[in-house]
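1. coords below, sequence missing:
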């Protein structure tokens, strides 16, 4: 299974998409939301980023509220629009990247020597 990386550049607000095969994805397994990673394994030498989010293979978003890499059913009572005193049970993925994570969102915090446009043409 492949993992998609969505790498956001906060300087200009643009994003770069990279696809990584599962045999090369072992470097990010076990990392958690908020951790800093080196992006050289996907062809972006000198770049570093922070993991800001992601999604499970079924499309469920990752949540920083609980650990693990699997799906969990949680009772949510906040941010449900105008309805008050209503709590819903939702499925969320844990905060750890695992083998069933399909997308990882990364925000660049350290830039490399090459501009981002050049780095995105190389396929990781």
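-> Yes, it's here. These figures come from a predicted structure and were not determined experimentally.

2. Which of the three states applies to the residue nearest to residue 94 when sequence neighbours are not counted?
-> The shortest distance from residue 94 to any non-neighbouring residue, by C-beta to C-beta, 6 or more residues apart in numbering, is to residue 68 (3.5 Å). To be clear about C-beta, it is placed using only N, CA and C from the backbone, and glycine gets the same treatment. State at residue 68, reduced to three classes by DSSP: H, G, I helix; E, B strand; the rest coil: coil.

3. among the helices and strands of this structure, which one scores worst on average pLDDT?
-> Least confident helix or strand of the chain, by mean pLDDT, DSSP states H and E, is helix 116-121 with a mean of 60.

4. low-scoring stretches of the protein, by residue?
-> Along the chain, the parts satisfying pLDDT under 70 run over 78-84, 117-124.

5. okay, which residue is most central for it?
-> residue 104 (2.2 Å; C-alpha atoms, centre = their mean).

6. How far away from the center of its chain is stretch 57-70?
-> Relative to the centre of its chain, stretch 57-70 is centred 10 Å away, using C-alpha atoms, centre = their mean, to the nearest Å.

7. measure it end to end?
-> Stretch 57-70 has an end-to-end distance of 10 Å (C-alpha to C-alpha, to the nearest Å).

8. How many neighbouring residues does the residue nearest to residue 96 when sequence neighbours are not counted have?
-> Distances taken as C-beta to C-beta, 6+ apart place residue 69 nearest to residue 96, at 4.4 Å, with adjacent residues excluded. Other residues within reach of residue 69, judged by other C-beta atoms under 10 Å, total 18.

9. Strands of this protein, start to end?
-> 3-9, 14-20, 36-38, 48-56, 71-76, 88-93, 101-110 (DSSP state E).

10. Can you add distance to residue 116 and give these back as a markdown table?
-> Listed next are those as a markdown table, based on distance: least, C-beta to C-beta, whole Å:
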| stretch | distance to residue 116 |
| --- | --- |
| strand 3-9 | 6 |
| strand 14-20 | 6 |
| strand 36-38 | 16 |
| strand 48-56 | 12 |
| strand 71-76 | 33 |
| strand 88-93 | 28 |
| strand 101-110 | 8 |
